[in-house]
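Visitor: Below is the sequence, then the predicted model.
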Amino acid sequence: GNSVTQMEGPVTLSEEAFLTINCTYTATGYPSLFWYVQYPGEGLQLLLKATKADDKGSNKGFEATYRKETTSFHLEKGSVQVSDSAVYFCALTANTGGFKTIFGAGTRLFVKA
Amino acid sequence: DSGVTQTPKHLITATGQRVTLRCSPRSGDLSVYWYQQSLDQGLQFLIQYYNGEERAKGNILERFSAQQFPDLHSELNLSSLELGDSALYFCASSRGDRANSPLHFGNGTRLTVT
């Protein structure tokens, strides 16, 4: 079946450091890929998405490229801020007799001033 | 504001009891999803409805049930509650008819079973 694997956290970085959170997936067909972010005390919210191979999703300085050859969708940001501290979830949606979304386990990011 | 409304925000109850969580989806969304988030942050998919019909089922216990009503709001019923059912329960909605539609999450109901 379909699955999403993302790097375990927590990830601790200093402000202005470079961020990479790895995400790989297993899916049949052509899934859409997403990154969601969860700030403390809130629900998840969409950060960015990519719907086909080689698409790059971007938002708020974050980027991720849909790599079909490596089945990956790694999240990157060139310079993190304290306000980026949150839990990040990689997800895919595929049509498996209905459109079902599967989430990775989440990666907690701490950014120190 | 995601447009998804969940009530109540907090619920404290005793073991063996039954509770109902309610979700109103974003306007225009036909699909509703329920997720359970434990303290270690993992997000477990419970169940999905599309336009009133069950679409997909995840790791939902037999003590739990859900439904989506004609006005598209959804309820998650949890019965014979156990301490281990304490968690955050999220509802999300989407168009539900295409893979590129993102999910929109409510702020969750925090259930505490004592």
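Guide: Arrived safely, thanks for sending.
Visitor: Next, count neighbours for A:Ala113.
Guide: Burial of A:Ala113, expressed as a neighbour count using other C-beta atoms under 10 Å in any protein chain shown, amounts to 6. Every C-beta, even on glycine, is put in place using the N, C-alpha and C of the backbone.
Visitor: And A:Gly97, by the same measure?
Guide: Considering only other C-beta under 10 Å, A:Gly97 is surrounded by 7 other residues.
Visitor: Helix, strand, or coil at it?
Guide: Reduced to three states with DSSP: H, G, I helix; E, B strand; the rest coil, the structure at A:Gly97 is coil.
Visitor: In chain A, which residue sits furthest out from the middle?
Guide: Computed with C-alpha atoms, centre = their mean, the residue of chain A farthest from its C-alpha average is A:Gly97, at 24.4 Å.
Visitor: where's A:Pro37 relative to B:Arg18, distance?
Guide: Residue A:37: Val, not Pro. When C-beta to C-beta, to the nearest Å is the yardstick, A:Val37 and B:Arg18 sit 34 Å from each other.
Visitor: What pLDDT is listed against the residue of chain A found nearest chain B?
Guide: With C-beta to the nearest C-beta as the measure, the residue in chain A that lies nearest chain B is A:Gly43; the distance is 3.5 Å. Note for A:Gly43: predicted pLDDT of 90.
Visitor: show me what contacts the nearest residue to it once chain neighbours are set aside?
Guide: Take A:Gly43 and drop its neighbours on the chain: the residue closest to it by C-beta to C-beta, 6 or more residues apart in numbering or on different chains is B:Phe105, 3.5 Å away. If a contact means C-beta atoms under 8 Å, 6 or more residues apart in numbering or on different chains, then B:Phe105 has A:36, A:43-45, B:2, B:4, B:90-92 as its contacts.
Visitor: Any idea what B:Phe105 is bridged to?
Guide: Bridge pairing for B:Phe105 (DSSP bridges) gives the partners B:Ala92.
Visitor: and it, how far is that from A:Val37?
Guide: Computed as C-beta to C-beta, the B:Phe105 to A:Val37 distance reads 11 Å.
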